[in-house]
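Engineer: for reference, the sequence and a predicted model appear below.
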Amino acid sequence: MAFFFIGHRGTRKVFDENTIKSFDIAIKSGADYIEFDVRRTKDNQFIIFHDPSLDRTTNGSGTVDTFTYNELSKFRTKKNNQKILLINEILDRYRDKTKFMIELKEEGIQDDILDLIKKKDLINKCIISGRNIYDLLSIKNKNPECLVCYNITKGKDLTLKSFLENEEFNKLEFPIDMLSLRSNQITKKFINICHMNNILAFSWDFMEYENSLEKIKNLIKMGIDGLLFDDFKNISHIKSWKYNLDYN
């Protein structure tokens, strides 16, 4: 089984998240997928943006959905002076260079995103992720071959507690392909239950650890299937380390 090396919002620890600069360096460093967040603008365009508000990452202020894309395109990110991107730009620019993990940051946009990646013939190069299990269910019902990843860290429809206790899991009407969980919550039990149910276990959030490389190595030894990296230097290092672990 292939291991998933995913650039989390590109490589957000060093460069502004969800920007060309961040995605370029993630791919150059060996990411198999680039992960990014999708939101809808006032004029129904889909942009690559994590927060509901512009304030944290850009020189703008206010909520994303109160601006048209033309208005949003005038703002720049704080550190690297990068523009806010449309999803079409990313899919077209990188379609032959990498694969995509698309996080739905709003409910009810799943059909539009699914239609877009089908139109671009990218269904087999995308993972769609989110925290609303019913939006993912809708995708899976319409396109069973589309990979979906449920972020269970703050999941409400299926909680981490119920998954670990296996109280609700068997009631699900579709096979989840992947579950993602914040790195400080990963346990061997979580990984084992995922694997018992043919689910891949992913981990994210390596911004806080002073020694993130050791944390990542421990997760791999525990059996994690994929990692969303925040620092591009970790991708190339861990790829080399894991290769030696697997083949020596």
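Structural biologist: Received, thanks. Computed from a predicted model, the values in this text were never measured in an experiment.
Engineer: report the secondary structure state of residue 220.
Structural biologist: Using DSSP: H, G, I helix; E, B strand; the rest coil, the secondary structure recorded for residue 220 is helix.
Engineer: for residue 163, see how far away the nearest residue to it once chain neighbours are set aside is.
Structural biologist: Taking CB to CB, 6 or more residues apart in numbering as the measure, residue 220 lies nearest to residue 242, with 6.1 Å between them; neighbours along the chain are not counted. In short, each C-beta sits where N, CA and C put it, glycine included. Taking CB to CB, to the nearest Å as the measure, residue 242 and residue 163 are separated by 26 Å.
Engineer: which of the two has more residues huddled nearby?
Structural biologist: residue 163 (23 against 16; other CB atoms under 10 Å).
Engineer: host element of the more buried one?
Structural biologist: helix 160-165 (DSSP states H and E).
Engineer: buried stuff in that helix?
Structural biologist: By 16 or more other CB atoms under 10 Å, the buried positions in helix 160-165 come out as 160, 163.
Engineer: which elements pack onto that helix?
Structural biologist: helix 188-196 (3 or more CB pairs under 8 Å, 6 or more residues apart in numbering; DSSP states H and E).
Engineer: buried residues, the helix it packs on. List them.
Structural biologist: Of the residues in helix 188-196, 190, 191, 193, 194 count as buried by neighbour count, 16+ other CB under 10 Å.
Engineer: pull the contacting residues for the closest residue to residue 189 other than its chain neighbours.
Structural biologist: Sequence neighbours aside, residue 164 is the residue nearest to residue 189 in space, at 6.3 Å (criterion: CB to CB, 6+ apart). When contacts are counted by CB atoms under 8 Å, 6 or more residues apart in numbering, residue 164 touches 189, 190, 193.
Engineer: now do the same for residue 164: its pLDDT.
Structural biologist: Reported pLDDT at residue 164 in the predicted model: 89.
Engineer: residues contacting the residue most central in space within the chain?
Structural biologist: Compute the mean C-alpha point of the chain, and by CA atoms, centre = their mean the closest residue is residue 35, 4.0 Å away. Residues in contact with residue 35 (CB under 8 Å, 6+ apart) are 6, 7, 8, 9, 100, 101, 102, 103, 129, 228.
Engineer: so which of those wins on neighbours?
Structural biologist: With neighbours taken as other CB under 10 Å, the top of the contacts of residue 35 is residue 7, carrying 30 neighbours.
Engineer: partners of the longest strand along the chain, with directions?
Structural biologist: As assigned by DSSP state E, the longest strand anywhere in the chain is strand 33-40. Next to strand 33-40 in the sheet, as set by DSSP bridges, lie strand 4-8 (parallel), strand 46-48 (antiparallel), strand 99-104 (parallel).
Engineer: what's the closest of the ones you listed to residue 200?
Structural biologist: Smallest distance to residue 200 across the strands paired with strand 33-40 (CB to CB): 7.3 Å, for strand 4-8.
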